[in-house]
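>>> predicted model and sequence below, questions to follow.
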Amino acid sequence: MANATDPDSYTGATPDNAIRDADRAEKTGQMLAADGTPLKTSLARSLRAQKLRALMLIAPLLIFILVTFIAPIADMLFRSVENQIVSETLPRTVQALDSWDGEGAPDEETFRALAADLTIATELKNHTRLGSRLNYETTGISSLFRQTGRDVDEIGEGYMEQFIELDEAWEDPATWMTLMAADSWIENRAQWASDKAEAEAAQDAATTAAEAIALEFTDPEPPFRLNDIASDALPRTASIFRQFARITQTENEDSPAEEEPWAIIYQALYEDLSAGRGDGYEGQAATLIDEARSAVVGFEDQSIKDYFINEIDEDWGSTEVWGTIKAFSSPYTAGYFLASADLQLTAQGIEKQPEDQQIYALLFKRTMFMSLTIMFSCILLGYPIAFLLSNLPMRTSNMLLILVLLPFWTSLLVRTSAWKVLLQQQGVINDILVWIGLVADNDRLQLINNQTGTIIAMTHILLPFMILPLYSVMKTIPPYYVRAAKSLGATNWTAFWRVYFPQSVPGIGAGSILVFILSIGYYITPELVGGTTGTFISNRIAYHISSSLNWGLAAALGSILLALVLVLYYLYDRIVGIDNVSLG
Amino acid sequence: MELPPYATTGQKVWFYTFRVLCGLIFFFLIAPILTIIPLSFNAENFFTFTPGMLAFEADAYSLKHYEDFFTNSQWQTALKNSVQIAPAATLLSVGLGTLAAVGLSQSHVPARRAIMAILISPMIVPLIISAAGMYFFYSRIGLQGTYLGVVLAHAALGIPFVIITVTATLVGFDNSLTRASANLGAGPVRTFFKVQMPLILPGVISGGLFAFITSFDEVVVVLFVGSAGQKTLPWQMFIGLREQISPTILAVATILVIISIALLTTVELLRRRSERLRGLSPT
């Protein structure tokens, strides 16, 4: 029992053992921690554990912000340059346009590609989206695409009739299956069909409705697979046929094995065969192809280019339309940023927008001008207040500070609605002015829905953001400098201007940057009291998101504004320090 | 700042002019908010003082705009949505924010400045840009127009306030207290709830109030991220102001002013309590 309490009989981390370890370590020259590991290792381990623990605490929030906030901002930046819609909707056309010289309408090949692309886009109902996208760049394209969407399904009908006249087998979906479908797919489909028949038989045999529902066969047809011969022998036909099969399966929920192919597929077949392609088939298919290949030479030729320009819309012959398609064919574009700078991208390069469409430079200038006006009004009104507050006894200044904090805490919409009510032509301010006799009753001032309204309301809303930093700087200015200046013979004005004012400049800087940053991104107040002349760039962004649906341009304008704000914040951080952001 | 007895006439004139000037600016600050309070009791559907109101006739005043607010189904739906969204967003931002603030205040945090910049960014980025980005991204992932989407967006906007207020309370935190607690055998979780939490609670609550008011008052983001089903009080006010301005808005505004006065008082009391608890100022 005596041994149990004896410190010497314990092994492990006890103070005595630590001392002993330390003694031993002194001989070897290494400092040891209580558990016998070298102190350096032990410290490093504990530091690592501490860092890990801190990171574990921060990680959930960091991930949260990255997903809910940073990802949206990144998405916006991405959208401002993204332009995949053209190359995704018109892949063949974009490729064919590579060889276009930029003068007049492109060649027949390009129109063939366009016909194929547009038929597929029309089936997917994508052509109107593309039309409105390109309409942002050249007006009229939207209606051109809609018009074309209605007529494009007729392309190839002439060839279809001629092929069927040649051999009725061309009308039969089964013929197309032997030419196009992969053997494995035909087998899978047969298996699927027999499963389905079996299930339906079981369902018919079911006694109750619930049982019948439970037995319902819901598996879709296996996705269509193209065979290798077709994609080598008839590349154009095969590529369109594959899309036809996919769309038939997914959009219309039919089977390509039972549907007659689109007319455009006969067009593509004609193109393939008249170019001499089509080798590689065996048996019956080969005979069919050979027969058709020798016949196509005698087919009545139909120019797609003529059809597009003469039958659908003569705009298809215009350089401008094709120039726009080519200029926006790359998956990424600077077009939105150029549009934000009143420039436009054409096939010939970057050009200025027409005079009547140059609005963004004006809007940016107006945003800047109004923000600066608001900033200066805030300095003008905020400086005396901060000066008064910092020179009054604590008790009085705290009371008066409430008058500053109350508006600061009041809902933005409350303050905006107050101004909307006060500034109206039949509102309180005009009523008072009429009552005093400054303004005639029939000549009331227009104070709202213009720049005046925005400037008055926003000065009021942002004034606390000027007063609070100014006040916190002025509070730290020691009063004896001014007293010393006066005792040395300075007048009140000199003492203020030469001694006090320079010390308050950091406060003015902090408040000004804060007010300026807040005001250039303001949306609600200009929207409600700004009318048409008192709006900011942010109102234009909102307009593009919700009314004109030009999201790319909204994203580009937003990115520019964001860059501007970040630069200003960087300055703010350098001058004031972001950690000094106080919340009243 | 008092006028010395030997002041000249010029100094006296300047002194009083300055006072009057300051008075006018204070009037500019506070008058718009105060004017709408009596106007909200207007018996007519006007936005100005009727002759009857100026003569203090009893029947020129009425509660009918308040009655409209409490009976109109649109306003009530909006109120219900606001009351559902704001607390959920506040809980989310306070929970995650406090945890992260505790983590950030530890002595060895790698890349603290970068992390801080990311966490504060929702406050720095103009609301219209946050709203645009969230609209694009949330419609991509199917959160646009959902209750969850609005709550997540508002929580993100409220987080900087929680981080700032809680880290500010933790600056004065005496770390020997947690060591003492560990020495007495408490685990990290127990230490957090029994020692750290009571001391930083005022900061957490005022951060939470900021987060709450941010969400409760927020209109730009909800306009884009929400759909008609998430119409909040500010949204309804925004529509009312833009389309058919009705005096009910003034009644709502008055109620909101009273709420903000209550919140302002709470935050101020909490700040004093926190300073007292941490021994920064004499009681």
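Yep, that arrived.
>>> any idea how far the closest residue to A:Ile309 other than its chain neighbours is from A:Pro223?
In space, and not counting its chain neighbours, A:Ile309 is closest to A:Gly317: 4.4 Å by C-beta to C-beta, 6 or more residues apart in numbering or on different chains. (C-beta placed from N, C-alpha, C; glycine too.) The gap separating A:Gly317 from A:Pro223 is 40 Å, by C-beta to C-beta, to the nearest Å.
>>> which one of these two is surrounded by more residues?
Between A:Gly317 and A:Pro223, counted using other C-beta atoms under 10 Å in any protein chain shown, the more crowded position is A:Gly317 (16 against 11).
>>> quick one, phi psi at that one?
phi -90, psi 0 (degrees, to the nearest 10).
>>> for the stretch 101-250 of chain B, which residue gets nearest to chain A?
B:Pro126 (2.4 Å; C-beta to the nearest C-beta).
>>> isn't that residue up against A:Ile520?
Yes. With contact defined as C-beta atoms under 8 Å, B:Pro126 reaches A:Ile520; the gap is 7.3 Å.
>>> now do the shared contacts for those two.
Contact criterion C-beta atoms under 8 Å, 6 or more residues apart in numbering or on different chains; residues shared by B:Pro126 and A:Ile520: A:538, A:561, A:565.
>>> now for the second one, how many residues are close by?
A count of nearby residues for A:Leu561, using other C-beta under 10 Å, gives 25.
>>> that one contacts A:Ile520, doesn't it?
Yes. Using C-beta under 8 Å, A:Leu561 is in contact with A:Ile520, at 7.0 Å.
>>> show me the common contact partners of those two, please.
In contact with both A:Leu561 and A:Ile520: A:537-538, B:126, using C-beta under 8 Å, 6+ apart.
>>> would you agree A:Thr138 falls within a strand?
No. Applying DSSP: H, G, I helix; E, B strand; the rest coil, one finds A:Thr138 to be coil, outside a strand.
>>> so who does the nearest residue to it once chain neighbours are set aside touch?
Excluding the flanking residues, the one nearest A:Thr138 by C-beta to C-beta, 6+ apart is A:Thr324, at 4.5 Å. A:Thr324 makes contacts with A:134, A:137-138, A:141, A:346-347, as judged by C-beta under 8 Å, 6+ apart.
>>> list the contacts for residue 66?
No chain was given, so I picked chain A. B:Ile118.
>>> actually, chain B is the one I wanted.
B:Tyr66 makes contact with B:40, B:251 under the criterion C-beta under 8 Å, 6+ apart.
>>> same question for A:Thr533.
A:450-451.
>>> for the nearest residue to A:Val439 once chain neighbours are set aside, grab the count of nearby residues.
Of all residues not flanking A:Val439 in the chain, A:Leu433 sits nearest, at 4.3 Å (C-beta to C-beta, 6+ apart). Residue neighbour count, defined by other C-beta under 10 Å, stands at 16 for A:Leu433.
>>> and A:Leu433, how far is that from A:Arg415?
Distance from A:Leu433 to A:Arg415, counting by C-beta to C-beta: 21 Å.
>>> tell me how far the strand or helix carrying A:Asp75 lies from the chain's centre.
Assigned by DSSP states H and E, A:Asp75 falls within helix A:71-79. Its chain's average C-alpha position is 5 Å from that of helix A:71-79, according to C-alpha atoms, centre = their mean, to the nearest Å.
>>> what's it packed up against?
Packing partners of helix A:71-79 (3 or more C-beta pairs under 8 Å, 6 or more residues apart in numbering or on different chains; DSSP states H and E): helix A:551-575, helix B:127-140.
>>> now distance to A:Asp356 and mean pLDDT too, for those, in TSV please.
Below are the helices and strands packed on helix A:71-79 laid out as TSV (distance: least, C-beta to C-beta, whole Å; pLDDT from 0 to 100):
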stretch	distance to A:Asp356	mean pLDDT
helix A:551-575	17	89
helix B:127-140	26	93
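>>> can I get those in a markdown table with distance to A:Leu43?
Shown next, in a markdown table, are these (distance: least, C-beta to C-beta, whole Å):
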| stretch | distance to A:Leu43 |
| --- | --- |
| helix A:551-575 | 34 |
| helix B:127-140 | 43 |
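>>> closest to A:Met31 out of those helices?
For those, proximity to A:Met31 was assessed by C-beta to C-beta; helix A:551-575 is nearest, at 41.9 Å.
>>> so what does that closest one touch, helix or strand wise?
So helix A:551-575, by 3+ C-beta pairs under 8 Å, 6+ apart, packs with helix A:71-79, helix A:335-340, helix A:501-520, helix A:537-546, helix B:112-124, helix B:127-140.
>>> try 10 Å this time
The contact analysis (3 or more C-beta pairs under 10 Å, 6 or more residues apart in numbering or on different chains; DSSP states H and E) places helix A:551-575 against helix A:71-79, helix A:335-340, helix A:360-391, helix A:501-520, helix A:537-546, helix B:112-124, helix B:127-140.
>>> how far does it sit from its chain's centre?
Centroid separation between helix A:551-575 and its chain, computed with C-alpha atoms, centre = their mean, is 15 Å.
>>> what of stretch A:104-113?
In terms of C-alpha atoms, centre = their mean, the gap separating the centre of stretch A:104-113 from the centre of its chain is 33 Å.
>>> how about the CA coordinates for it, as PDB?
Output in PDB follows, covering the C-alpha atoms of stretch A:104-113 (Å, rounded to 0.1, in the frame of the first residue of the first chain):
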ATOM      1  CA  GLY A 104     -22.900  39.800 -98.000                       C
ATOM      2  CA  ALA A 105     -24.600  36.500 -97.300                       C
ATOM      3  CA  PRO A 106     -22.400  33.400 -96.700                       C
ATOM      4  CA  ASP A 107     -22.300  30.400 -99.000                       C
ATOM      5  CA  GLU A 108     -24.800  27.600 -99.500                       C
ATOM      6  CA  GLU A 109     -22.800  25.400 -97.100                       C
ATOM      7  CA  THR A 110     -23.400  27.800 -94.200                       C
ATOM      8  CA  PHE A 111     -27.100  28.000 -95.000                       C
ATOM      9  CA  ARG A 112     -27.300  24.200 -95.000                       C
ATOM     10  CA  ALA A 113     -25.700  24.200 -91.600                       C
END
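>>> contacting residues around it?
A:90-101, A:114, A:155, A:236, A:264, A:267-268, A:270-271, A:303-309, A:314, A:316-319, A:321-322, A:325-326 (C-beta atoms under 10 Å, 6 or more residues apart in numbering or on different chains).
>>> what comes up buried for that stretch?
By neighbour count on 16 or more other C-beta atoms under 10 Å in any protein chain shown, the buried set for stretch A:104-113 is A:105-106, A:109-113.
>>> so which of those residues comes closest to A:Glu171?
Nearest to A:Glu171 among these, with distances taken as C-beta to C-beta, is A:Arg112, at 22.8 Å.
>>> OK, contacts around the residue nearest to A:Val439?
With contact taken as C-beta under 10 Å, 6+ apart, A:Leu433 is in contact with A:439-441, A:444-445, A:447.
>>> kindly report the same for B:Val102.
A:53-54, A:57-58, B:166-167, B:170, B:173, B:192, B:196-197, B:200.
>>> ok, of the residues you listed, which come out buried?
In the contacts of B:Val102, burial by neighbour count holds for A:54, A:57-58, B:166-167, B:170, B:173, B:192, B:196, B:200, counting by 16+ other C-beta under 10 Å.
>>> now the angle from the helix or strand encompassing B:Val150 to helix B:127-140?
Following DSSP H and E, one finds B:Val150 within helix B:147-171. Angle, helix B:147-171 to helix B:127-140, by axes from the mean of the first three to the mean of the last three C-alpha atoms, to 10 degrees: 130 degrees.
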